[in-house]
Structures are given as C-alpha cells and as structure tokens.
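Visitor: Can you look at this prediction? I've put the sequence above it.
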Amino acid sequence: MRTARVVITGMGALTPIGGDVKSYWENLIQGRCGIGTLRHIDPAALPVQIGGEVEEELVQRRLTRQQGNKMARFTRFAYLAAQEAVEDSGCAFHPYRTGITMGSAMDGVLEITKTQDSFTQNGRRVSPFFVPKVLGNMAACQIAMEYGIQGPSFTVNTACASGVDAITLAVLLLRSGRADVMLAVGGESMACAPVISSLSGAGALSRNNGDPLHACRPFDADRDGFVIGEGGGALVLETEEHARARGAHIYGEILGVGNNNDAYHLTSPRPHGEGGARCMSLALMDAGLNPEQIGYLNAHGTATRLGDVCECDAVRSVFGEYAKTLPVSSTKGATGHMMGAGGITEVIACVKGIEEGVLPPTLNLDHVDPACECNHVPKEAREASYDYAMSNALGFGGQNACVIVGRYR
C-alpha cells in the first residue's frame, strides 16, 4: 500500500453566518451569531422554535430553479459548498483519479416529512423525484455529475461525526493510492417537527426561544442543550505530489485522523469521555505528534449537559497538565450544530486559524461550568501563533472522530 501526504487545496462553506469561506470566517471571529427563530418551517406548535439557518437568498442566486427542484435541501448546501471548493482549488479533475466522500447525519429527512404531510393532508401524487432527492448519496451523485468525477464515491452516515469521517475516509483513499484528488463534503438540514420533537423530548435541545442569540452556550454553567444548525462544507484534498505538480496553492495538511466507537449507549458517551479520549490519541499517533504540539482544539462542544463534561474530561485525560494551557473553543455558539456539515466547516476554521494566527471564540460562555474547566476562548477571538490544530466530532451511536491539520511545510 502506498502512503502519501495529504494537503488541502480548496475550501467551501455555506453556513448560518456566511455563504462562503471568507464571510463565514470573518463573522466567526467577529462574534456574530446566526441563530434565530426558524423561518423555513412554521415552528409555532413546537416546543423548540429556534435554529441556525442558511439565508435562502444565498442558495437561490446560485442555483437555477430546475437544479433546486431536483435536490433536497441538504444536497443544495453540499453542492454549493463543493462548488466553491472546486473553484477555489482550480483543479482540473481526472475523471477516474478523483473521488468524493460525503457526510450527512439526517440526509433528506426534511423532504420526507414535508412529503408525508402533503400526502396525508391532500392525497396528491408524490413526485417521481422524491426518492432520488432524499437518498443520502444523492449529494455525491449531483456533485459527481457536475464535475465528471468517476472515481471512489462513498457516503458516510455516522451522526454528528459524519463530516469528519468523510475527511478521514478521503485521507485513507489518498494515502492508499486509490485517488489523486478527493472532495470531502458535508451537508445537513434537519429542522423539522419530528426531529425537533424527538430531540426536545430527550432534553437535548435548548428551549431558550425568547433569546436565540444566546441560546447555544457550550461549556457554560447555564447551558440547556444544543441548537440545530444547517449548511454545507467542502474540502478539496490532494496528494502532495499531485498538488505540487500542478502548482496548487496549499492551505494546509491533514496530518492525522482518528475514528472509533464507544460501544456503550445509543446517545450517551462513555463515562469521562473514554472513547473520545482514545480517538484523539489515535489521531495524535497517526500524525506523529505529541499532545503539547497541538496549538488549538476545536471542540465538539454542543452545549449539552453530559456531552460537554465528557469531552472536557477526555481533553484533560489526553493532554494532562497541558490541558490547562491548550486553547479550546466551540464554534457552535455561532452556527448551531450543523451535524455532518459542521465537521467540515469546523476544520476550515482550524485551517483559517492557523493561517491568520487567530483562535475563534466560544460565544455565550459567560460562566464556565467547573466540570468543563479547560483553557477556553470565551466570547471574543484571540490572536495566537500555532502550527497544529485538532477538531473533534462526537456523535450519537458512540461515534467518535478526530482530525489534525497543520501548517504546510
């Protein structure tokens, strides 16, 4: 098996705080929050009425009506993020040496619920595009058709870890020699009545409907659950050899990846975040780095009571005394929990942070929960020079994923 260094040559983002990488990053470090009352559904009868939504104008001006009609909402976000990443990379794809890995937690659940409601209420014929729209692999299909990509194609569904696992799978394919270029993409849109009611009933969502800008409070003593977000993220990954041969601009390098399962509970992590700790250690081992070399940790940090505590326990377990120094933040206070898309946009935040010497903040972190004690970056971005950053994604079903990015040398 051939191994290769894997570099990042293109990035794309479509988020509640910006429709491209530039605006997403600028708004992130300026402390803008994209959470508000839900608009694309009527939330009046729901116990939770808030979420982080993508501005519809950002989608409509970049897709024709014909394109949009054939895509579920999560596919539109993934497709547009991939479009930006491809244009950014300037790469001419060889059809058989380029592949796609796609990550999504809930796929076309939004279209499923809308179609069922319409069918139940008025018995209208269901569109023949219904099944091709809601299948999880259709985002990869739409992207592949657009760019003639005929290499490896995988769609991973590992709950909140889906986006980072899409990166991991892309890296493994590049290292193995199965491809020269991979598109790692994530897309998500899941704010609908059944999902909101289920998560709310489980006590997972914030009910702060009256103050959405301050509803998502990762690591804060007054946090009361996560806020649903939506969007898309994409990376163009290449072998170093391929990128250098074509003179590509290289943003950074994927140095290490980790993946494992808690094998413990449907929704709860192992006590003290044992599985997450092992996953971070696997990524460090893969990267050949010591814990003290990581300059920033983008935490999963969803603002759930149990999840935040377990992740901080895991961080302290892996980093030891250095955990008191390692800067930690969660960007979900700004975007909400973007599930599969968030795993990739959060890695983009790490890449931009290294590039510009900035630590993105955790919004709404007024009073750190003593059980979540770490070296947090609360409320405002900070300047810092660092070469390596780690990003965690920890999902239902015991899914743990971790990726380490570094300055390219």
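Guide: Ah, there it is. This is a predicted model, so every value here is computed, not measured. Numbering: from 1, shown residues only.
Visitor: what's the offset of stretch 290-305 from the middle of its chain?
Guide: 14 Å (C-alpha atoms, centre = their mean, to the nearest Å).
Visitor: Just the CA atoms of it, as PDB, please.
Guide: Provided in PDB are the C-alpha atoms of stretch 290-305 (Å, rounded to 0.1, in the frame of the first residue of the first chain):
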ATOM      1  CA  ASN A 290       2.900  14.900  20.900                       C
ATOM      2  CA  PRO A 291      -0.100  16.400  22.700                       C
ATOM      3  CA  GLU A 292       1.900  19.500  23.600                       C
ATOM      4  CA  GLN A 293       2.400  20.300  19.900                       C
ATOM      5  CA  ILE A 294      -1.400  21.000  19.300                       C
ATOM      6  CA  GLY A 295      -1.900  24.700  19.400                       C
ATOM      7  CA  TYR A 296      -5.700  24.800  19.300                       C
ATOM      8  CA  LEU A 297      -8.600  22.400  19.900                       C
ATOM      9  CA  ASN A 298     -11.900  23.000  18.100                       C
ATOM     10  CA  ALA A 299     -14.100  21.000  20.500                       C
ATOM     11  CA  HIS A 300     -17.300  19.300  19.500                       C
ATOM     12  CA  GLY A 301     -18.900  21.300  22.300                       C
ATOM     13  CA  THR A 302     -22.600  21.100  21.600                       C
ATOM     14  CA  ALA A 303     -23.800  22.700  24.900                       C
ATOM     15  CA  THR A 304     -25.500  19.500  26.200                       C
ATOM     16  CA  ARG A 305     -25.100  18.900  29.900                       C
END
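Visitor: Can you list the buried residues in it?
Guide: Across stretch 290-305, burial judged by 16 or more other C-beta atoms under 10 Å covers 291, 293-304. Heads up, the C-betas are built off the backbone N, CA and C, glycines and all.
Visitor: cool, and stretch 94-107?
Guide: Within stretch 94-107, the residues that qualify as buried are 97, 98, 99, 100, 101, 102, 103, 104, 105, 106, 107, counting by 16+ other C-beta under 10 Å.
Visitor: Could you report the pLDDT at the fifth one?
Guide: Think residue 101. pLDDT recorded at residue 101 is 98.
Visitor: about what we covered before: let's have the buried residues of stretch 94-107 in JSON lines, adding distance to residue 70 and secondary structure.
Guide: Output for the buried residues of stretch 94-107, formatted as JSON lines (distance: C-beta to C-beta, whole Å; DSSP: H, G, I helix; E, B strand; the rest coil):
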{"residue": "97", "distance to residue 70": "27", "secondary structure": "coil"}
{"residue": "98", "distance to residue 70": "23", "secondary structure": "strand"}
{"residue": "99", "distance to residue 70": "22", "secondary structure": "strand"}
{"residue": "100", "distance to residue 70": "18", "secondary structure": "strand"}
{"residue": "101", "distance to residue 70": "22", "secondary structure": "strand"}
{"residue": "102", "distance to residue 70": "17", "secondary structure": "strand"}
{"residue": "103", "distance to residue 70": "21", "secondary structure": "strand"}
{"residue": "104", "distance to residue 70": "17", "secondary structure": "coil"}
{"residue": "105", "distance to residue 70": "22", "secondary structure": "coil"}
{"residue": "106", "distance to residue 70": "19", "secondary structure": "coil"}
{"residue": "107", "distance to residue 70": "15", "secondary structure": "coil"}
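Visitor: Mind picking the two most distant members of the residues you listed?
Guide: 97 and 106 (31.4 Å; C-beta to C-beta).
Visitor: The residue nearest to residue 268 when sequence neighbours are not counted: neighbour count?
Guide: Nearest non-adjacent residue to residue 268, counting by C-beta to C-beta, 6 or more residues apart in numbering: residue 306, 6.2 Å away. Neighbour count of residue 306, defined by other C-beta atoms under 10 Å: 15.
Visitor: so where does residue 306 fall, helix or strand?
Guide: If you go by DSSP states H and E, residue 306 is part of helix 305-319.
Visitor: For whatever helix or strand comes next after that helix, enumerate the helices and strands it packs against.
Guide: Reading on from helix 305-319 to the C-terminus, the next helix or strand found by DSSP H and E is strand 327-329. Where contact means 3 or more C-beta pairs under 8 Å, 6 or more residues apart in numbering; DSSP states H and E, strand 327-329 is packed against strand 296-298, strand 375-376.
Visitor: ok so residue 404 is a helix residue?
Guide: No. Read with DSSP: H, G, I helix; E, B strand; the rest coil, residue 404 is strand and lies in no helix.
Visitor: That one and residue 389 touch, don't they?
Guide: Yes. Counting by C-beta atoms under 8 Å, residue 404 touches residue 389, with 7.2 Å between them.
Visitor: and for these two, which residues touch both?
Guide: Residues touching both residue 404 and residue 389 (C-beta atoms under 8 Å, 6 or more residues apart in numbering) are residue 294.
Visitor: Same question for the helix or strand encompassing residue 74: list its buried residues.
Guide: For residue 74, the host element (DSSP H and E) is helix 73-89. For helix 73-89, a neighbour-count test (16+ other C-beta under 10 Å) marks 73-86, 88-89 as buried.
Visitor: Looking at those, which two lie furthest apart in space?
Guide: Spanning the widest gap among the buried residues of helix 73-89 are 73 and 89, at 25.2 Å by C-beta to C-beta.
Visitor: Okay, now the unreliable bits of this structure?
Guide: Scanning the chain for pLDDT under 70 picks out 1-2.
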